[in-house]
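Trainee: Sequence first, predicted coordinates after that:
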Amino acid sequence: MLKFVKNHMETIDGVANYPMISLLIFFVFFVLLFWWVFTATKEHIREMEELPLDNNDQQHKP
């Protein structure tokens, strides 16, 4: 089965570019996430942290 997949992938033009593109997307995502974590305000983080425990919200009634 691996021979079939390998043989099929070799017929695709530019298949060597796909691993580089996926690595680039992965890297950019985590760089942006890292940037967001360090630039987020403490108030916003505290608000998100306490959101599940906040009982002052209106309760949704079915």
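Mentor: Alright, I've got the coordinates.
Trainee: use CA for all of it now, contacts and neighbours both
Mentor: Will do.
Trainee: Let me see the backbone angles for the spatially most central residue of the chain.
Mentor: For the chain, the residue nearest the mean C-alpha position is residue 29 (6.0 Å; C-alpha atoms, centre = their mean). Per-residue torsions, residue 29: phi -60, psi -50 (degrees, to the nearest 10).
Trainee: what about it, distance to residue 3?
Mentor: 33 Å (C-alpha to C-alpha, to the nearest Å).
Trainee: same check, this time on residue 37
Mentor: 44 Å.
Trainee: Now whichever strand or helix holds residue 19: average pLDDT?
Mentor: Secondary-structure assignment from DSSP states H and E places residue 19 in helix 17-39. With pLDDT averaged residue by residue, helix 17-39 scores 94.
Trainee: 265 is where my numbering starts, stick with that
Mentor: Sure thing, new numbering starts at 265, so read that last one as helix 281-303.
Trainee: What separation do you get for the residue nearest to the centre of the chain and residue 304?
Mentor: Taking C-alpha to C-alpha as the measure, residue 293 falls 16 Å from residue 304.
Trainee: for residue 268, same thing?
Mentor: Residue 268 is 48 Å from residue 304, by C-alpha to C-alpha.
Trainee: From residue 281, how far off is the residue nearest to the centre of the chain?
Mentor: Taking C-alpha to C-alpha as the measure, residue 293 and residue 281 are separated by 18 Å.
Trainee: cool, residue 289 as well?
Mentor: 12 Å.
Trainee: For the two, indicate the residue with more neighbours.
Mentor: Neighbours per residue, other C-alpha atoms under 10 Å: of residue 289 and residue 281, the larger number sits with residue 289, 12 against 9.
Trainee: what about dumping the CA coordinates of stretch 274-292 to PDB?
Mentor: Coordinates of each C-alpha in stretch 274-292 appear next as PDB, following Å, rounded to 0.1, in the frame of the first residue of the first chain:
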ATOM      1  CA  GLU A 274       5.600  11.200  -7.200                       C
ATOM      2  CA  THR A 275       3.300  11.900 -10.100                       C
ATOM      3  CA  ILE A 276       2.000  15.100  -8.600                       C
ATOM      4  CA  ASP A 277       3.900  18.200  -9.900                       C
ATOM      5  CA  GLY A 278       5.500  20.200  -7.100                       C
ATOM      6  CA  VAL A 279       4.700  17.700  -4.400                       C
ATOM      7  CA  ALA A 280       8.000  18.600  -2.600                       C
ATOM      8  CA  ASN A 281       6.500  22.100  -1.900                       C
ATOM      9  CA  TYR A 282       3.600  20.800   0.300                       C
ATOM     10  CA  PRO A 283       5.800  19.900   3.400                       C
ATOM     11  CA  MET A 284       7.400  23.300   3.300                       C
ATOM     12  CA  ILE A 285       4.100  25.000   3.000                       C
ATOM     13  CA  SER A 286       2.600  23.100   5.900                       C
ATOM     14  CA  LEU A 287       5.700  23.800   8.000                       C
ATOM     15  CA  LEU A 288       5.300  27.500   7.200                       C
ATOM     16  CA  ILE A 289       1.700  27.500   8.200                       C
ATOM     17  CA  PHE A 290       2.500  25.700  11.400                       C
ATOM     18  CA  PHE A 291       5.300  28.100  12.300                       C
ATOM     19  CA  VAL A 292       3.200  31.200  11.500                       C
END
